[in-house]
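**Q** Sequence and computational prediction follow.
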Amino acid sequence: MRRKKMMTAFIGELGFKLPDNKLLIIIWRELLDALRDRRTIIAAFILPIVTIPIFMNLPLFFMSPTRNPARTGIVNLDPQAVFLVKALNETPTLTVFNVDPELNHTALVQENVYDLIVVIPENFTDKITGGESVNLTIIYDPSSMVSETGRTSVTVIVNEISKSITYQRLSKLNISKETIEPIKISSVTVRKVGFGEVMASMMLPIFVAVFSVAGAASFVFDSTAGEKERRTLEVLISSPVPSRTLIAGKYLSATLITLITGILTVASLILSMRIQVSLFQTGEASVTSLEFSPGLVLGLLASIVIGGLTGNALTMALGVFAKSFREAQQYFGALNTIIMVPAIIVAYLPPRMLDFTLYLPIASLVAILRKIIVKTATIPNIVVAYGVSIVYLTIFISIAVRLFRSERVLFRV
Amino acid sequence: MRIKIKIKLLSEATKVSVMDAIIVKDLTKRFNGFTAVDHINFTVKKGIIYGFLGPNGAGKTTTLRMLSTVLRPTEGTAEVLGYDIVRQKRRVRKVIGLVPEETGVYDRLTPVENLLFYGKLWGMEEEELKERIKELLERLSLWEKRDELAGKLSKGMKRKLAFARAIIHNPPVLFLDEPTLGVDVMSAREIREMIKEIVREDRTVVLSSHNLWEVQNLCSELSIINEGKIIYSGSIENLERISKSKELEEIFVRLIRGEVA
């Protein structure tokens, strides 16, 4: 009832006003159709908003050592080792429990009763006070991320205590710290790149590439192969509108959808990364969030637009060629392997190998975005990456137009 | 209340002064070596309903698609209101309306939006289009459904909507491929009444149908096509006379079997 009222309000007493320009009329029809198509709404708008924060943060939420501390069992065979138990107890990444020495400790970790168990041996304190070395045992499960993180936390604390004891022993012997630390390391960074940038350089380009190509794919397939399948195309091409205007209308509508999808993707990613940074931010760790310089914003927008134009040209060629929506989706599966896999690999390639990838379709956008984020992009890099993409998109769009003008393709059964 | 449809011939059409609306010359279409339409010739006079009959796969739809410029002929050509279907495609498209075998209406658009879209594509003025949409939807008993999505309409209603779409811009020539297929008795009657009104306004209708009763009652002339070739072209009276029968179904069967010379 409400919908009907809305529709009536929209049309009024047939009081609509639409432009006379044929291209705009085609875009109006395409977008109206798209907004009523669940597949397009889900793929283009809901997926980026909902799935990115979930997929990026849910696993990390469970892996976060502060939110999900390791259940650490302590088998304390030395009642005097209070200082060590206290230090472990005060560590926020560990939740400490006392464990009966008579139990099977390996089995307890294997059965996930505890993530790890620390065995403090008899005479632990006496041996330390006596200037001897003592062995502390950690039983852990390397297949469990929480167990591994817990082991690292215990190792760090014990190493700190061990270091402090060493300094006390050296002090008693009138020996300086430098005697046991003959070499110190000073690291000099060549550029100011924080944790946020490094994470963003791996994740953001992939998501931009994926959603540029796939964001409007469902819409494009519905608008091309879907029109053939529903037999609406025959009437459309019998109208006095040139085929170049028809395909331009479809292409521009898809590009508009990609642009919205791309912006939603980037917004969703930024939000997700901000949450991640806060999850990982611990103590002294040098963590900075991604800084949005005008260069990065421009790079993102250019990548979304050019990626969208290239992706839509490619999916449009596939959609025009396919007999049905389903067939177009099958071709798209193959396309993902050929184009998206290299693009995903590029996100993890060592920086020295990035330059040749600037010549690959879609992968070039991933490479240039990585370079922009970590501030290594040069003007020639930018020209090559976007120039090459424009060449690819010109090739793809001319294929799509040729196919759209071919009656053999349009009426193939 | 029945509203009489105002007929306004497109200016493009009025410039052409010809007696024949459609002239088909040696029209041929081959698909990968298969000849769907084989050197057919016929002429359709202005202002009549012309029947186009034939069994399934005879070449009716291919012929209509060539005449409406959707398919390009392999050989031969045709003229629609004096415009060549190969060299003057856009001019032909301006003066025709098409109802294909499948309705081809947009399911996610309402009837008003469907008509609005096509009216605009044919360059209609806003005010004229508003009136025309209301007039057609009322005439075809679709006004109550104007805000429903077309996908929710019955098959018959969709076919009426496709018919309304084809005539939204008052085309002087109309190609109808099975316009009453799957339509209930009342709706089929409404469509037939409108077809009769259209020709009274000196417009031309080419009607492809399996419904021989419909063809016999609506058409004054017809062509019968079989295996891509025209086996009869002329008036229904002449066909009845040479075949010595008044039953078009019987005549049709005898023609297809080659029993009538």
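**A** The structure has been received and is ready for your questions. Numbers count the residues shown, from 1 in each chain, chains lettered A, B, ... in the order given.

**Q** Which residues does stretch B:225-245 contact?
**A** Stretch B:225-245 has contacts (CB atoms under 8 Å, 6 or more residues apart in numbering or on different chains) with B:35-42, B:51-55, B:58-60, B:63, B:216, B:219-224, B:246, B:248, B:250-251, B:254-256, B:260-261. Glycine gets a C-beta too; all of them are placed from N, C-alpha and C.

**Q** out of those residues, which are buried?
**A** By neighbour count, with 16 or more other CB atoms under 10 Å in any protein chain shown, the contacts of stretch B:225-245 hold B:35-38, B:40, B:42, B:51-54, B:58-60, B:63, B:216, B:219, B:221-224, B:248, B:251, B:255-256, B:260 as buried.

**Q** and those residues, which of them are in helices?
**A** Using DSSP state H, the subset of these located in helices is B:60, B:63, B:216, B:248, B:251, B:255-256.

**Q** Switch those over to CSV; also include pLDDT and distance to A:Pro69.
**A** Formatted as CSV, those follow (pLDDT from 0 to 100; distance: CB to CB, whole Å):
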residue, pLDDT, distance to A:Pro69
B:Lys60, 92, 77
B:Thr63, 95, 78
B:Gln216, 86, 88
B:Leu248, 75, 89
B:Ile251, 78, 92
B:Leu255, 74, 90
B:Ile256, 77, 86
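
**Q** just the helices in the stretch 101-250 of chain B please.
**A** Taking DSSP state H, counting those that start in this stretch, the helices of the stretch 101-250 of chain B run over residues B:111-121, B:126-139, B:155-167, B:185-200, B:212-218, B:236-243, B:248-256.

**Q** A:Glu197 is nearest to which of these?
**A** helix B:111-121 (48.0 Å; CB to CB).

**Q** just how off-centre is that closest one within its chain?
**A** Centre-to-centre, helix B:111-121 and its host chain are 19 Å apart (CA atoms, centre = their mean, to the nearest Å).

**Q** Can you check what angle separates that helix from helix B:155-167?
**A** 20 degrees (axes from the mean of the first three to the mean of the last three CA atoms, to 10 degrees).

**Q** ok, back up a step: please identify the most buried of the helices of the stretch 101-250 of chain B.
**A** Greatest average neighbour count among those goes to helix B:111-121 (a mean of 25), per mean count of other CB atoms under 10 Å in any protein chain shown.

**Q** quick one, which of the helices of the stretch 101-250 of chain B is nearest to A:Thr337?
**A** Per CB to CB, nearest to A:Thr337 of the helices of the stretch 101-250 of chain B: helix B:111-121, 37.7 Å.

**Q** Can you tell me what sits against that closest one?
**A** Against helix B:111-121 from outside (CB under 8 Å, 6+ apart): A:11, A:14, A:16, A:18, A:20, A:22, A:25-26, A:28-29, A:32, A:235, A:239-241, B:105-106, B:109, B:129, B:132-133, B:136-137, B:142, B:145-148, B:150, B:153, B:161, B:164-165, B:168-169.

**Q** try it again with 7 Å
**A** With CB atoms under 7 Å, 6 or more residues apart in numbering or on different chains as the test, helix B:111-121 has contacts from A:11, A:16, A:18, A:22, A:25, A:29, A:32, A:239, A:241, B:105-106, B:109, B:129, B:132-133, B:136-137, B:142, B:145-146, B:150, B:161, B:164-165, B:168-169.

**Q** Equivalent analysis for stretch A:250-262, please.
**A** A:27, A:30-31, A:34, A:44-45, A:48, A:208, A:211-212, A:215-216, A:219-220, A:223-224, A:304-305, A:308-309, A:311-312, A:316.

**Q** Relative to A:Phe62, which of the helices of the stretch 101-250 of chain B is closest?
**A** Per CB to CB, nearest to A:Phe62 of the helices of the stretch 101-250 of chain B: helix B:111-121, 48.0 Å.

**Q** just the residues of the stretch 101-250 of chain B that are near chain A, which are they?
**A** Counting by CB under 7 Å from any CB of the partner chain, the stretch 101-250 of chain B comes close to chain A at B:102, B:104, B:106, B:108-110, B:112-113, B:116-118, B:120-122, B:126, B:130, B:133-134, B:147.

**Q** can you do 8 Å?
**A** Contact residues (CB under 8 Å from any CB of the partner chain) of the stretch 101-250 of chain B with chain A: B:102-110, B:112-113, B:116-118, B:120-123, B:126, B:130, B:133-134, B:146-147, B:149, B:162, B:165.

**Q** sorry, back to before: now tabulate the helices of the stretch 101-250 of chain B in a markdown table and tack on distance to B:Val95.
**A** What follows is the helices of the stretch 101-250 of chain B, written out as a markdown table (distance: least, CB to CB, whole Å):
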| stretch | distance to B:Val95 |
| --- | --- |
| helix B:111-121 | 14 |
| helix B:126-139 | 17 |
| helix B:155-167 | 12 |
| helix B:185-200 | 14 |
| helix B:212-218 | 21 |
| helix B:236-243 | 26 |
| helix B:248-256 | 30 |
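
**Q** and of those, who's closest to B:Gly76?
**A** helix B:248-256 (22.9 Å).

**Q** the inter-axis angle of that closest one versus helix B:236-243?
**A** Using the same axes, to 10 degrees: helix B:248-256 against helix B:236-243 is 60 degrees.

**Q** May I have helix B:248-256 exported as PDB, CA atoms only?
**A** Extracted in PDB, the C-alpha atoms of helix B:248-256 (Å, rounded to 0.1, in the frame of the first residue of the first chain):
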ATOM      1  CA  LEU B 248      -9.400 -20.400 -44.400                       C
ATOM      2  CA  GLU B 249      -8.200 -23.300 -42.200                       C
ATOM      3  CA  GLU B 250      -9.000 -25.800 -44.900                       C
ATOM      4  CA  ILE B 251      -7.500 -23.600 -47.600                       C
ATOM      5  CA  PHE B 252      -4.300 -23.000 -45.500                       C
ATOM      6  CA  VAL B 253      -3.800 -26.800 -45.000                       C
ATOM      7  CA  ARG B 254      -4.300 -27.500 -48.700                       C
ATOM      8  CA  LEU B 255      -1.900 -24.700 -49.700                       C
ATOM      9  CA  ILE B 256       0.800 -26.000 -47.300                       C
END
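
**Q** And that helix, what does it pack against?
**A** Identification of packing neighbours for helix B:248-256 by 3 or more CB pairs under 8 Å, 6 or more residues apart in numbering or on different chains; DSSP states H and E yields helix B:212-218, strand B:221-226, strand B:229-235, helix B:236-243.

**Q** quick one: contacts of it?
**A** Contacts of helix B:248-256 (CB under 8 Å, 6+ apart): B:53, B:55, B:212-213, B:215-216, B:224, B:226, B:231-232, B:236, B:239-240, B:243, B:245, B:260.

**Q** What is the nearest of these to chain A?
**A** B:Pro55 (19.1 Å; CB to the nearest CB).

**Q** what's the spacing between A:Ile139 and A:Pro65?
**A** 19 Å (CB to CB, to the nearest Å).

**Q** With B:Ile168 instead?
**A** 68 Å.

**Q** who's in contact with the residue of the stretch 51-200 of chain B found nearest chain A?
**A** Going by CB to the nearest CB, chain A is nearest to B:Glu102 of the stretch 51-200 of chain B, at 3.6 Å. By CB under 8 Å, 6+ apart, the residues touching B:Glu102 are A:230-231, A:234.

**Q** Relative to the whole chain's centre, how far out is stretch A:62-72?
**A** With CA atoms, centre = their mean, you get 22 Å for stretch A:62-72.

**Q** no, scratch that, I was asking about stretch A:159-166
**A** Taking mean C-alpha positions (CA atoms, centre = their mean), stretch A:159-166 and its chain are 40 Å apart.

**Q** repeat for stretch A:142-158
**A** Centroid separation for stretch A:142-158 versus its chain: 26 Å, with CA atoms, centre = their mean.

**Q** That stretch: which residues count as buried?
**A** Buried, per 16+ other CB under 10 Å, within stretch A:142-158: A:144-151, A:153-154, A:157-158.
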